[in-house]
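S.K.: how does the following fold in three dimensions:
(chains A and B)
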Amino acid sequence: MTMKQNTPSAPRPIDWTAYASQLGALGVLIAICIIFALIEPAFVSSRNIFNVLRQVSIYGLLAVGMTFVILTGGIDLSIGSLLALAGLVSAAVYKGGMGLLSAGTAGQAEGFGLIPAIAAAVAVGVLGGLLQGTAIARLKVPPFIVTLGGLTAFRGGALLFSSGQPISTFTDEYKFWGQGMVGPVPVPVIIFLGFALLAYVVLRYTRYGRHLYAVGGNPEAARLSGLNVSRIVLSVYVITGFFAGLSGFLLSSRLNSAEQVAGVGYELTVIAGVVIGGTSLFGGEGGIFGTVIGILLIGVLSNGLTLLNVSPYYQQILVGLIIVFAVYLDQLVKRRRR
Amino acid sequence: MRKSFAMRSLYIVSSLIVLLALVLAGCAPSAAPSEGSEAAEPAAEAKVYRIAFSVPAMSFPFFVHMEKQVRDEAAKIGNIEIITLDGQDNTTKQVADLEGVIALGYDGLIVSPRTNEGVAPVIQQVIDAGIPVVTIDRRADGVNGLLAHVGADNVLGGEAQGAAILSLFPEGAKIIELLGTPGASPAIDRSAGLHNVIDPAGNIEVVCQQTGNFNRDGGLTVTENCLASNPDVQAIVAANDDMALGAIEAAKAAGVAIPIIGFDALPEALLAVRDGALYGSVEQFPGGQSRTALQTIVNFIVAGTAPASDVVLLTPKLITTENFDEAERIGEIPQ
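M.R.: All right, here's what the predicted structure looks like:
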């Protein structure tokens, strides 16, 4: 193995073969869309298309963060739990209370307002990420272990914080962010696509982005060429934490309820989306474009199969098979490239 | 840099220790007093009975409510200490909890087995160790010597939902059915009950039958999808309230106003019934179940009286605006 071509110093020329695997996932996505559209015309109604986009936007936000982590060769299993904790904190700050249906029910807010609520959710996420990132980058505990601990501990924190009860019913101002529309476009979709675009630009056109690929591709080489590897590793867990916090707020807004059970199993869906999108679990390869495609693929599958009223048992099997197939395709393309 | 790192890790470690201490402190009162009560208060004081209450997961509000009711009832009866064992939605954890019940020699056990197959064998071991056991809410099949099972019949609850659909739509209707977690016994039984009633009628068409996994997220997403392909749906039946509450949000977003029926009569669902967002929700009286279970086991331990029947089923009831006052948790919603 020689060093990857994308060393930190050299600006990377656009390597179209690198997109091949992502185009593979795109091909599968388009094929599936055509099949669904032929069987069920309602699938391509504008309402349903926005349904799918709205449904994937929270997974999508988490996947954007996860892409950063996986690019460095790491993993973050804690996002679902951190999301639940952040959502509860956000709801409690907004309502000014912890009780199940405490003050401000359905009516006016009596808490601390929207901005502090969002800030609190994001702060919880960033702090959680900072804590885990520190353990990974400085104490050198493997990311799988640290975030596995986070998966359990943050969920425990959520239960402790809420005494096992959801915090529900918000005002329209709060619900707008998860349920509202700007013209025909759902708000969470705008937030998702906005952050995806931002992340794309960061990864593709900034020095930080190139450093990330370098660290993921070959951490030792990156260190020798003078990169502060541990700071970069720390930063990606803060980024996933940020997205987990933001998503916690958005999910509570969308569901009109912050729950301690929110986000259970999200990490697996999100990791699946990132991997389907062609980002290598070993780091250094992949990107946001593929992640968006991967997450859309999962969302479209579950939406379309529900539309066709396929038995939920078959759905799970189908989704599983398609995940493996998409990654197999990815491997095939990469092998041919070498 | 290095120093700040040392400080930071010191901070992390110390906060973890504090957290651990808090958690242990929280657990201590339920675990420790056994020694104290036996050593410090000889003979004269009435014996304090230690009864374990083992549930599948304290992350479900349903079991949190049950646990609270058991504790309230215990305080009312007096001289009873309740030890709550949280299965953390993990069968292995619950099995280990119950093995602990034998090891610690508690006076009685009230248990809601997470899964029948996984937990029933260890329940048998508890009984064989001479500890009286009452199962609650969920059954344990094939266990001999159970003092009683106290529960509500999920099939009957599903039938109550079906009856409501028939009375709302005597001319027939297209409905969405939101199923619970695939394979879970309440999910199977509730759906079976619903179909026991609507299938013979012949004019109720379930155009979309999908799982929302008993959670709000699932109920919302599935309903959005089903409404996209079936905009002419006339009612939604959900196997629990969380999914029904999710369905309410989806219907609202789609601008559809149709009757939605939930299950469990959670306070939040009752609020939705009162506000007209939910047509009704099936009440299974979990508090009543808990209190009955505790009374049954205490009567047996203290007085030696076995219950008249070893299966006590509370009949579930659909709560609507008509009979709103019959809801068990009505006191928990703001006026």
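S.K.: distance check, the residue nearest the centre of chain A against residue A:86.
M.R.: Note on chain A: the residue nearest the mean C-alpha position is residue A:62, at 1.5 Å, using C-alpha atoms, centre = their mean. Distance of residue A:62 to residue A:86, computed by C-beta to C-beta, to the nearest Å: 12 Å. In short, each C-beta sits where N, CA and C put it, glycine included.
S.K.: circling back to that earlier point, name the nearest residue to the residue nearest to the centre of chain A, sequence neighbours excluded.
M.R.: Leaving aside its sequence neighbours, residue A:62 sits nearest to residue A:270 (C-beta to C-beta, 6 or more residues apart in numbering or on different chains; 4.6 Å).
S.K.: next helix or strand past the helix or strand of chain B with the lowest mean pLDDT?
M.R.: Every helix and strand of chain B was ranked by mean pLDDT, DSSP states H and E. The lowest is helix B:33-40, at a mean of 41. Where DSSP states H and E defines the elements, the next helix or strand beyond helix B:33-40 is strand B:49-55.
S.K.: that next one near chain A at all?
M.R.: No. Strand B:49-55 lies out of reach of chain A by C-beta under 8 Å from any C-beta of the partner chain, never closer than 10.9 Å.
S.K.: any idea how far the next helix or strand after that strand is from the chain center?
M.R.: As assigned by DSSP H and E, the chain's next helix or strand after strand B:49-55 is helix B:61-77. Chain-centre distance of helix B:61-77: 12 Å, with C-alpha atoms, centre = their mean, to the nearest Å.
S.K.: identify the residue of the stretch 51-200 of chain A closest to chain B, quick one.
M.R.: Nearest to chain B, among the residues of the stretch 51-200 of chain A, is residue A:164, at 4.2 Å (C-beta to the nearest C-beta).
S.K.: so that residue lies in a strand, does it not?
M.R.: No. Assessed with DSSP: H, G, I helix; E, B strand; the rest coil, residue A:164 is coil; it does not lie in a strand.
S.K.: which residue packs closest to it, ignoring adjacent ones?
M.R.: Nearest residue to residue A:164 in three dimensions, chain neighbours excluded: residue B:64, at 4.2 Å (C-beta to C-beta, 6+ apart).
S.K.: where does that neighbour land on pLDDT?
M.R.: Listed pLDDT for residue B:64 reads 88.
S.K.: and the gap between it and residue B:56?
M.R.: The value you get for residue B:64 to residue B:56, if C-beta to C-beta is used, is 12 Å.
S.K.: for residue 203, which residues are in contact?
M.R.: No chain was given, so I picked chain A. Each residue near residue A:203 by C-beta atoms under 8 Å, 6 or more residues apart in numbering or on different chains is listed here: A:67, A:68, A:71, A:209, A:212, A:213, A:287, A:288.
S.K.: chain B, not that one
M.R.: For residue B:203, the contacting residues are B:169, B:171, B:172, B:173, by C-beta under 8 Å, 6+ apart.
S.K.: for chain B, give me the ranges with low pLDDT.
M.R.: By pLDDT under 70, the low-scoring segments of chain B are B:1-45, B:335.
S.K.: cool, and the stretch 1-150 of chain A?
M.R.: Counting by pLDDT under 70, the stretch 1-150 of chain A contains low-confidence ranges at A:1-23, A:98-110.
S.K.: can you do 90?
M.R.: The model of the stretch 1-150 of chain A has pLDDT under 90 over residues A:1-28, A:40-42, A:45-48, A:51, A:95-113.
S.K.: quick one: the helices in it?
M.R.: Along the stretch 1-150 of chain A, the stretches classed as helices by DSSP state H, counting those that start in this stretch are A:20-39, A:46-71, A:79-95, A:114-137, A:143-162.
S.K.: show me which positions of the fourth one end up buried.
M.R.: Residues of helix A:114-137 classed as buried under the neighbour-count rule (16 or more other C-beta atoms under 10 Å in any protein chain shown) are A:114, A:117-126, A:128-137.
S.K.: near chain B, list only the ones from those.
M.R.: A:131, A:134, A:135.
S.K.: got the domain boundaries for chain B?
M.R.: Segmentation of chain B into domains, based on automatic domain parsing, reads B:49-151+B:286-314, B:154-283.
S.K.: among these, which comes closest to residue A:141?
M.R.: Residue A:141 lies closest, by C-beta to C-beta, to one member of these: domain B:49-151+B:286-314, at 23.5 Å.
S.K.: any idea how far the closest one is from the chain center?
M.R.: The answer for domain B:49-151+B:286-314 is 13 Å, by C-alpha atoms, centre = their mean.
S.K.: straight-line length of it, end to end?
M.R.: Start-to-end span of domain B:49-151+B:286-314 (C-alpha to C-alpha, to the nearest Å) is 26 Å.
S.K.: same check, this time on stretch B:123-141
M.R.: 10 Å.
S.K.: most centrally placed residue in chain B?
M.R.: Taking C-alpha atoms, centre = their mean, the centroid of chain B lies closest to residue B:62, which sits 3.8 Å from it.
S.K.: that residue reaches residue B:286, doesn't it?
M.R.: Yes. If you go by C-beta atoms under 8 Å, residue B:62 and residue B:286 touch, sitting 6.2 Å apart.
S.K.: list the contacts of residue A:215.
M.R.: Contacts of residue A:215 (C-beta under 8 Å, 6+ apart): A:72, A:73, A:222, A:227, A:229, A:232, A:233, A:283, A:284.
S.K.: can you tell me how far the closest residue to the fourth one other than its chain neighbours sits from residue A:196?
M.R.: So that's residue A:227. Closest residue to residue A:227 apart from its sequence neighbours, by C-beta to C-beta, 6+ apart: residue A:211 at 5.5 Å. Per C-beta to C-beta, residue A:211 is found 20 Å from residue A:196.
S.K.: repeat for residue B:141
M.R.: 50 Å.
S.K.: kindly report the same for residue A:57.
M.R.: 10 Å.
S.K.: who has more neighbours, the two?
M.R.: Shown here are residue A:57 and residue A:196; by other C-beta atoms under 10 Å in any protein chain shown, residue A:57 has more neighbours (26 against 21).
S.K.: enumerate every residue touching the more buried one.
M.R.: Applying C-beta under 8 Å, 6+ apart to residue A:57 gives the contacts A:186, A:188, A:189, A:191, A:192, A:250.
S.K.: again, but for residue B:139
M.R.: Residue B:139 makes contact with B:113, B:116, B:149, B:151, B:185, according to C-beta under 8 Å, 6+ apart.
S.K.: now name the helix or strand holding it.
M.R.: Assignment of secondary structure by DSSP H and E places residue B:139 within no helix or strand.
S.K.: what are the ranges of the helices in chain B?
M.R.: Assigned by DSSP state H, chain B shows helices spanning B:2-31, B:33-40, B:61-77, B:91-104, B:116-128, B:154-168, B:185-201, B:216-229, B:241-254, B:267-275, B:286-298.
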